[in-house]
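Undergrad: When you get a sec, could you give me coordinates for this:
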Amino acid sequence: MKAKGEGLQQRWVVYILSCSDGSLYTGITNNIEKRLTDHNRGTASKYTRSRRPVTLLTTSVAMDKGEALRLEMKIKKMPKTKKVACLKNSRMENKKSS
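TA: From the prediction side, this is the model:
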């Protein structure tokens, strides 16, 4: 007998938001529509709460949670100018390997 949820792999994405003050916010989610709504309501993140409204710039391809967390940390360590390009490049690399 399988445990609840066993065999069902949740798919996660890394996303980058543009905040009203011009800063960027990087996070992960398994439901981008809900997460974006939560950010704009002020209930998703302490950082974005005072920087609303936020707009979605880009998302990664779907991946497992561990991969998403690793990519999120990698992006958060980058200079602002490279963050969006990195995520867009990861999407292109995954399309090529498909």
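Undergrad: Where does the prediction get shaky in this structure?
TA: Flagging of the chain using pLDDT under 70 yields the residue ranges 1-9, 90-98.
Undergrad: At which residues are the helices of it located?
TA: Along the chain, counting by DSSP state H, helices occupy 32-41, 46-49, 65-76, 80-97.
Undergrad: so which of those comes closest to residue 57?
TA: helix 80-97 (5.7 Å; Cβ to Cβ). (C-beta placed from N, C-alpha, C; glycine too.)
Undergrad: thinking again about what came up before, possible to save the helices of the chain as JSON lines with distance to residue 26 and mean neighbour count?
TA: What follows is the helices of the chain, written out as JSON lines (distance: least, Cβ to Cβ, whole Å; neighbours: other Cβ atoms under 10 Å):
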{"stretch": "helix 32-41", "distance to residue 26": "12", "mean neighbour count": "15"}
{"stretch": "helix 46-49", "distance to residue 26": "10", "mean neighbour count": "14"}
{"stretch": "helix 65-76", "distance to residue 26": "5", "mean neighbour count": "16"}
{"stretch": "helix 80-97", "distance to residue 26": "7", "mean neighbour count": "13"}
